[in-house]
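Student: Got a predicted structure plus its sequence, pasted below:
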There are 2 protein chains.
Amino acid sequence: MTTPLDAVFAALADPTRRAILAMLLEDDMAVTDVAAPFTMSLAAISKHLGVLADSGLISRERRGRVIWCKLEPDALRAASVWMQGFGQFEPLDLDAFERFLADELRDLTP
Amino acid sequence: MTTPLDAVFAALADPTRRAILAMLLEDDMAVTDVAAPFTMSLAAISKHLGVLADSGLISRERRGRVIWCKLEPDALRAASVWMQGFGQFEPLDLDAFERFLADELRDLTP
DNA sequence: TGCATATTCAACCCGATGGTTGACGATCTT
DNA sequence: AAGATCGTCAACCATCGGGTTGAATATGCA
C-alpha cells in the first residue's frame, strides 16, 4: 500500500530537494530563482519541484508568467509525528537545526 | 553529495520498512520472525533489513544461528531535528503516533 | 556424520528515478 | 506583431529499488 508518508519521506530523501525546502523556508521563490544556485538544468529542478508538490511539501501558484513556490510545512507534520514515536528526542533543538541547515546549503556550491 | 540523512529518509520511504521498525519498537526480533507477518519472501525482508541496517536505523547481531534485529532510534534523531525546523510542531503527540502505528500495522494483513 | 533450520547471495525482471537536450506553450514587453 | 523570458513536456539514457527464485553458507541437533 502507498500512504502519503511514502511520498513525503521519498521526497526528503534527495539532498537537492531538501536544499530547495531550506531555501523556501526563507521565502517564496520563482522556479528560475530556485534553480539558480544549482548546476543542473532548469528542467531537472522543475521535476524536483514536481516531486515536492506531489508529496504536498510545497505548492505552486502561477502569477503572470512566473510560478511561485511556497513551502507547505503541514505536510511534514504527519512524518514528524511518526518519527517522534521512535525515541524520546529532546524538545526542538534549534542550534542543531541551524547546523544541519548550514551543511545543506554549503553542499550546494562545491 | 550523499549524507546520512539521505539513507535514513530513503529507508523510511517504504511502508514495509516502517512496519518493520514499528515491530522492532516492541522488542528485538529474529529475521524469520520479522518476516512472518509479510507475504513477500524471506529474501526480500532480508534486503529490507539490509537497507535499514545500512541507514543505521537498526543493528543486527548473530547469536548462534539466529540474527537478532534491534532498533537504533538514535539514527532518527538527525532526521527529526532536520524536520522540526520546518514548522512549530506540537510537542510529542503520542495519540497521533498510536494512530499512525495502528494504520501501519493494519496494512500488513490485507 | 548427516540433516534440518536460519539467513544471505546471485542472477534476473521490471518499473521508478534523476539527469540530459530540444521543442513547445504561455506570458510580458516593445 | 515580434521577440524575449518563464516554465513544462517529451523522448531518451543510465542507474536504482523492490521483488522473485534457486543455490550457497552457517549453525544447531541427533
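Tutor: In hand now; what should we look at?

Student: distance of A:Asp74 from B:Arg62?
Tutor: 43 Å (C-beta to C-beta, to the nearest Å). Every residue, glycine included, has its C-beta placed from N, CA and C.

Student: neighbour-wise, which of the two wins?
Tutor: Legend: neighbour count by other C-beta atoms under 10 Å in any protein chain shown for A:Asp74 and B:Arg62, higher for A:Asp74 (12 against 8).

Student: quick one: contacts for the residue nearest to the spatial centre of chain A?
Tutor: Taking C-alpha atoms, centre = their mean, the centroid of chain A lies closest to A:Leu21, which sits 2.7 Å from it. Counting by C-beta atoms under 8 Å, 6 or more residues apart in numbering or on different chains, A:Leu21 touches A:Leu12, A:Leu52, A:Leu57, A:Ile58, A:Leu71, B:Phe86.

Student: so it sits in a strand?
Tutor: No: using DSSP: H, G, I helix; E, B strand; the rest coil, the assignment for A:Leu21 is helix, not a strand.

Student: Just the pLDDT for it.
Tutor: Per-residue confidence (pLDDT) for A:Leu21: 92.

Student: Same check on A:Thr3?
Tutor: Predicted confidence (pLDDT) for A:Thr3: 62.

Student: how much space is there between the residue nearest to the centre of chain A and B:Pro4?
Tutor: From A:Leu21 to B:Pro4 the distance is 18 Å (C-beta to C-beta).

Student: Next up, the contacts around A:Glu72.
Tutor: Contact partners of A:Glu72, counting by C-beta under 8 Å, 6+ apart, are A:Gly56, A:Leu57, A:Ile58, A:Ser59.

Student: Give me the buried subset of those residues.
Tutor: Using 16 or more other C-beta atoms under 10 Å in any protein chain shown as the burial test, those include A:Gly56, A:Leu57, A:Ile58 as buried.

Student: Near A:Val8, how many residues? Count them for me, please.
Tutor: Counted with other C-beta under 10 Å, the neighbours of A:Val8 add up to 25.

Student: Just the ones of the contacts of A:Glu72 in strands?
Tutor: Mapping those onto strands (DSSP state E) picks out A:Ile58, A:Ser59.

Student: and which of the contacts of A:Glu72 is nearest DNA strand C?
Tutor: Taking C-beta to the nearest atom of the strand as the measure, DNA strand C lies nearest A:Leu57 of those, at 13.1 Å.

Student: how much space between the nearest residue to the closest one once chain neighbours are set aside and B:Leu71?
Tutor: Using C-beta to C-beta, 6 or more residues apart in numbering or on different chains and skipping residues adjacent in sequence, the residue nearest A:Leu57 is A:Ala75, 4.7 Å away. Look at A:Ala75 and B:Leu71: by C-beta to C-beta, they are 25 Å apart.
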